[in-house]
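**Q** okay, predicted coordinates and the sequence, questions at the end:
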Amino acid sequence: MDDPLATDASGQALLSFRTAEEHEHAKTSEHPCPLSLVVVRSHGEVLFGLNRWRHAWELPGGMREAGESPRAAASRELHEETGVLVTPATLRWGGMATLSLLNPARHEQAAIYLADLDERPATGPSDEPVDVRWFPLEAVPEPHAPLDLAIAREVVRSIVRVERGR
């Protein structure tokens with residue numbers, strides 16, 4: 001097995017990140033996909049929330065509700081956690097992250113979306129993040145969630161490649 005792309009202090013790991021077409025993942029998935037995350041970019045920075053319980057800067061996102069698509073969950077979670085409102089249709093597909101998680105031990109996938117915003121909307125904390133801020137990816141402060149930071153970097157790197165035509 002290849003080395004993980006990132007590992008956190010508890011031993012959870014980002015095993016892989018794939019950018020194949022969004023609809024392809026549902027057909028080829030070996031693991032459940034209960035989680036959606038959003039990389040929100042504006043003016044060269046990415047939006048992170050300081051999680052109330054884990055005390056780490058994380059990407060906005062969370063668990064899907066019954067019958068909810070990953071894309072709809074991403075839009076809903078982004079709004080609930082940060083106040084940023086984007087419709088599911090305006091989110092760009094970023095890719096699929098495969099995670100090795102603990103308590104209980106399992107492999108899951110996270111659907112990753114991208115929101116590129118020309119104007120920075122008003123943001124604010126919610127019940128989950130106690131603070132919401134914009135950071136350049138090379139300067140996300142500690143404590144941060146290593147898996148989320150690695151996912152954000154992978155998404156931005158893959159989108160930049162596509163934008164440059166590679």
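**A** Looks like it arrived, so ask away. Numbering: from 1, shown residues only.
**Q** so who does the residue nearest to the spatial centre of the chain touch?
**A** Within the chain, one residue has its C-alpha closest to the average C-alpha position: by C-alpha atoms, centre = their mean, that is Leu37, at 3.1 Å. Contacts for Leu37 (C-beta atoms under 8 Å, 6 or more residues apart in numbering) come out as Leu59, Pro60, Gly61, Ala74, Ala97, Ala110, Ala111, Ile112, Tyr113, Asp148, Ile151. Every C-beta, even on glycine, is put in place using the N, C-alpha and C of the backbone.
**Q** in this protein, which helix is the longest?
**A** In the chain, assigned by DSSP state H, the helix with the most residues is helix 146-163.
**Q** what is it packed up against?
**A** Counting contacts by 3 or more C-beta pairs under 8 Å, 6 or more residues apart in numbering; DSSP states H and E, helix 146-163 packs against strand 6-7, strand 13-18, strand 35-42, strand 45-51, strand 57-58, strand 92-101, strand 106-116.
**Q** list the buried residues in it.
**A** Taking 16 or more other C-beta atoms under 10 Å as the basis for neighbour counts, the residues of helix 146-163 that come out buried are 146-156, 158-159.
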